[in-house]
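J.: I need the structure of the sequence given here:
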Amino acid sequence: MSIHGIDVSEFQGSINWTDVKGSGTQFVMIRAGYGQGNPDPEFRRNAEECNRLGIPFGVYWFSYAYTEDMARKEADYCIQAIEDYEVQYPVCFDFEYASVNYAAGQGVTVTKQLATSLVTAFCSRVEQLGYFAMYYSNLDFLNRMFDASLRQKYALWYAQYASQPSIRDMAIWQYSDAGRLSGISGNVDQNIAYYDLANVISRAGLNKMNREVTTPVPPTSSPTDVIIYTVRPGDNLSSIAARYGTTYETLASYNDIENPNLIFPGQEIRIPVGYQETSARYYTIKPGDTLSGIALRFGTTVAELQRLNGISNPNLIYAGTTIRV
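T.: All right, here's what the predicted structure looks like:
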């Protein structure tokens, strides 16, 4: 799945959001603010316009924290800034070279341990407040500044300006800082989301989003009453059938699907009334899986997977183990 988006801040000036939507932009990451409570001057207008036009957006907060307490306060400032808006995408912690340089100016050397603790402090606070947390990094920071354990806990927004990313399992890839788009003067960062994050967040009941993906069709006297299921990344017809206590052959026939191996994220599958979604789903861990990646795939959170499966350390999961999702 490739969902195309941009990220913006005050540096893009006053944006013509009607033109941006007309360009085919599918999501936006908006800078909500920076440091200890400084709002981005364009955030309110950007958020209002995206909500008005139905453009899904998430936010990022540029960090100048050099203690865990400062990072937690930045999370509080960020959530206070966005709580009146419909935020369908993640809340992201943005810690970069300027953040490190600022800390140095305060006499603080940012070590890998400290940088990792800042991400954890911000993201855990965001999750505590009921929002979907993410962190931003380039390859250098992944190697030098952030412990690999973070990728097990939180979704990653990865920056690398190249034809292909050099890592896997990121949620969003920022692939260019030189995009040109109708409605924006000058360059704009371009991104690809590899998951339907709005769907993931909604299903998990985060960001105050409580829409259901699986909804009954309003009752009628027609014998064709159905439940509509929207295919998500990682789904196949067999797994959907198992979820509703039926067979893939039944679903293929009911939906006129000639090849049951060919279904796509976003496709709607009709399920006859009478079949109910089972309460438990299971997944067998594959080599290279992370708990955060599994959570994204199944529209849940790392914390919920830990709770369901008694996993005390999210960094320790093993290929071949079957977990409840």
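J.: which residues in the stretch 51-200 of the chain form helices?
T.: Per DSSP state H, counting those that start in this stretch, the stretch 51-200 of the chain has helices spanning 68-82, 97-105, 112-128, 139-144, 150-153, 197-203. These are given in chain order.
J.: Kindly reformat those as JSON lines containing mean neighbour count.
T.: Every residue, glycine included, has its C-beta placed from N, CA and C. Output for those, formatted as JSON lines (neighbours: other CB atoms under 10 Å):
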{"stretch": "helix 68-82", "mean neighbour count": "20"}
{"stretch": "helix 97-105", "mean neighbour count": "15"}
{"stretch": "helix 112-128", "mean neighbour count": "20"}
{"stretch": "helix 139-144", "mean neighbour count": "14"}
{"stretch": "helix 150-153", "mean neighbour count": "20"}
{"stretch": "helix 197-203", "mean neighbour count": "23"}
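J.: nearest to I323, of those?
T.: Among these, helix 150-153 comes nearest to I323, with 13.6 Å by CB to CB.
J.: Can you give the contact residues for that closest one?
T.: With contacts defined as CB atoms under 8 Å, 6 or more residues apart in numbering, helix 150-153 is touched by 116, 119-120, 123, 135, 156, 169, 290-292, 302, 314-315, 317.
J.: now do 6 Å
T.: Residues outside helix 150-153 that contact it (CB atoms under 6 Å, 6 or more residues apart in numbering): 119, 290-292, 302, 314-315.
J.: Most neighbours among the residues you listed, which one is it?
T.: V119 (26 neighbours; other CB atoms under 10 Å).
J.: if we can go back for a sec, can you say which of the helices of the stretch 51-200 of the chain is nearest to R307?
T.: Counting by CB to CB, R307 lies closest to helix 112-128 out of these; the figure is 13.0 Å.
J.: Reformat the contacts of helix 150-153 as TSV; add pLDDT.
T.: Shown next, in TSV, are those (pLDDT from 0 to 100):
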residue	pLDDT
V119	97
T290	85
L291	84
S292	85
V302	85
P314	83
N315	81
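J.: and the residues you listed as JSON lines, adding secondary structure and distance to S182?
T.: Listed next are the contacts of helix 150-153 as JSON lines, based on DSSP: H, G, I helix; E, B strand; the rest coil; distance: CB to CB, whole Å:
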{"residue": "V119", "secondary structure": "helix", "distance to S182": "35"}
{"residue": "T290", "secondary structure": "coil", "distance to S182": "37"}
{"residue": "L291", "secondary structure": "helix", "distance to S182": "40"}
{"residue": "S292", "secondary structure": "helix", "distance to S182": "35"}
{"residue": "V302", "secondary structure": "helix", "distance to S182": "38"}
{"residue": "P314", "secondary structure": "coil", "distance to S182": "42"}
{"residue": "N315", "secondary structure": "coil", "distance to S182": "44"}
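J.: mind giving me the domain ranges of the chain?
T.: 3-203, 215-272, 282-324 (automatic domain parsing).
J.: Grab the nearest non-local neighbour of the most centrally placed residue in the chain.
T.: In the chain, the C-alpha nearest the mean C-alpha coordinate belongs to L197, at 4.1 Å (CA atoms, centre = their mean). Sequence neighbours aside, Y89 is the residue nearest to L197 in space, at 5.3 Å (criterion: CB to CB, 6 or more residues apart in numbering).
J.: what sits against that neighbour?
T.: By CB under 6 Å, 6+ apart, the residues touching Y89 are 27, 56-58, 197.
J.: Could you list the low-pLDDT ranges of the stretch 1-150 of the chain?
T.: Residue ranges of the stretch 1-150 of the chain with pLDDT under 70: 1.
J.: now the strands: where do they sit in this structure?
T.: For the chain, applying DSSP state E gives strands covering 3-8, 27-34, 38-39, 57-62, 91-94, 133-138, 155-159, 172-179, 188-193, 215-216, 226-230, 268-272, 282-284, 322-324.
J.: From the contact counts, what lies against the second one?
T.: Put plainly, it is strand 27-34. Applying 3 or more CB pairs under 6 Å, 6 or more residues apart in numbering; DSSP states H and E, we find strand 27-34 packed against strand 3-8, helix 43-53, strand 57-62, helix 68-82.
J.: Strand 188-193 and that strand, what's the angle between them?
T.: Relative orientation of strand 27-34 versus strand 188-193 (axes from the mean of the first three to the mean of the last three CA atoms, to 10 degrees): 120 degrees.
J.: How about residues contacting strand 27-34?
T.: Contacts for strand 27-34 (CB under 6 Å, 6+ apart): 5-9, 39-40, 43, 46, 50, 55-62, 78, 81-82, 89.
J.: let's see it at 8 Å
T.: With CB under 8 Å, 6+ apart, strand 27-34 has contacts from 3-10, 20, 39-40, 43, 46-47, 50, 55-64, 77-78, 81-82, 88-89, 92, 94, 157, 172, 191, 193, 197-198.
J.: Ok, the fourth one next?
T.: By CB under 8 Å, 6+ apart, the surrounding residues in contact with strand 57-62 are 7, 27-35, 43, 46-47, 50, 74-75, 77-78, 81-82, 87-94, 96, 98-99, 122, 134, 136, 157, 197.
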